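Asks: Next come a sequence and a model predicted from it.
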Amino acid sequence: NAGVTQTPKFQVLKTGQSMTLQCAQDMNHEYMSWYRQDPGMGLRLIHYSVGAGITDQGEVPNGYNVSRSTTEDFPLRLLSAAPSQTSVYFCASSYSPGRYQETQYFGPGTRLLVL
Amino acid sequence: GDSVTQMEGPVTLSEEAFLTINCTYTATGYPSLFWYVQYPGEGLQLLLKATKADDKGSNKGFEATYRKETTSFHLEKGSVQVSDSAVYFCALRADRGSTLGRLYFGRGTQLTVWP
């Protein structure tokens, strides 16, 4: 198993550009989520999905869109990049949010710089 | 709402010193508690977890006990090594309601161990 994979590893954007951060998992996990990590802020939840076709907002959803057309993939779209979106983005997955013992697995992250 | 308060860093120790990183939480119900570790340039990895009161999670010489009476989950290690240098995140997972399965992270504590 590859686990949770993210592409690209690094990206530089200009203000106003759009892009999609890719996330895929091969563990047949139902639950997937996107976080951003900023210095001194820990990780904050952007969007999450409890299964194909179902998504919901987290703490900081503004400026981001998601979709979940398959169990494996959960792309994050930046519609019009802003410098405030400079961050490290992590994708995570787990089998189901309802399972008492379940653990979330994290991808290696995407570093995004918006100029 | 649910939240995690984590000891501010950075923490700098000599090899073989004793480590404590404090973590307290606020939550309704009976959340699961986690410690994640992030090595330089990598994503988060689960270090240990505890799913009910008085449970002790342990891994790689690290331990943490779920204390419901003090709402705490402090991380300890008796003798740190240079290879333990990383950022440590305390987290809780909501166990009920509209936020079921969501992880709430502390801000992270940078640990540097000198030889």
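Replies: Looks like it arrived, so ask away.

Asks: what residues does chain B put near chain A?
Replies: B:4, B:6, B:32, B:34, B:36, B:42-46, B:49, B:51, B:89, B:93, B:95, B:100-103, B:105-108 (Cβ under 8 Å from any Cβ of the partner chain). Bear in mind the C-beta positions are built from the backbone N, C-alpha and C, glycine included.

Asks: low-scoring stretches of chain B, by residue?
Replies: Counting by pLDDT under 70, chain B has low-confidence residues at B:97-100.

Asks: nope, chain A is what I meant
Replies: A:97-102.

Asks: And residue 112, which helix or strand is it part of?
Replies: You didn't pick a chain, so chain A it is. strand A:110-114 (DSSP states H and E).

Asks: Let me rephrase: I mean chain B.
Replies: Going by DSSP H and E, residue B:112 is in strand B:109-114.

Asks: tell me how far the strand holding residue A:112 is from the chain's mean position?
Replies: 13 Å (Cα atoms, centre = their mean, to the nearest Å).

Asks: Repeat that for stretch B:62-71.
Replies: On Cα atoms, centre = their mean, the centre of stretch B:62-71 falls 10 Å from that of its chain.

Asks: do stretch B:13-23 as well
Replies: With Cα atoms, centre = their mean, you get 13 Å for stretch B:13-23.

Asks: contacts for that stretch?
Replies: B:4-7, B:11, B:33, B:35, B:64, B:72-82, B:84, B:88, B:90, B:106, B:109, B:111-115 (Cβ atoms under 8 Å, 6 or more residues apart in numbering or on different chains).

Asks: Quick check: buried residues in it?
Replies: B:13, B:19, B:21-23 (16 or more other Cβ atoms under 10 Å in any protein chain shown).

Asks: which pair in the residues you listed spans the largest distance?
Replies: B:13 and B:23 (17.5 Å; Cβ to Cβ).

Asks: what's the most centrally placed residue in chain A sitting at in phi/psi?
Replies: Compute the mean C-alpha point of chain A, and by Cα atoms, centre = their mean the closest residue is residue A:34, 2.7 Å away. Torsion angles at residue A:34 (phi, psi; degrees, to the nearest 10) stand at phi -120, psi 130.

Asks: same deal with residue B:83?
Replies: Taking degrees, to the nearest 10 as the convention, residue B:83 sits at phi -70, psi -10.

Asks: so what's it closest to, chain neighbours aside?
Replies: residue B:113 (7.9 Å; Cβ to Cβ, 6 or more residues apart in numbering or on different chains).

Asks: which ones are touching that neighbour?
Replies: B:12-15, B:17, B:80-85.

Asks: hmm, 7 Å instead?
Replies: If you count contacts by Cβ atoms under 7 Å, 6 or more residues apart in numbering or on different chains, residue B:113 has them with B:13, B:15, B:80-82, B:84-85.

Asks: again with residue B:59
Replies: B:47-48.

Asks: do residue B:25 as well
Replies: Per Cβ under 7 Å, 6+ apart, neighbours of residue B:25: B:3-4, B:31, B:33, B:71, B:73, B:92.

Asks: quick one: which of those residues is most hemmed in?
Replies: residue B:73 (30 neighbours; other Cβ atoms under 10 Å in any protein chain shown).
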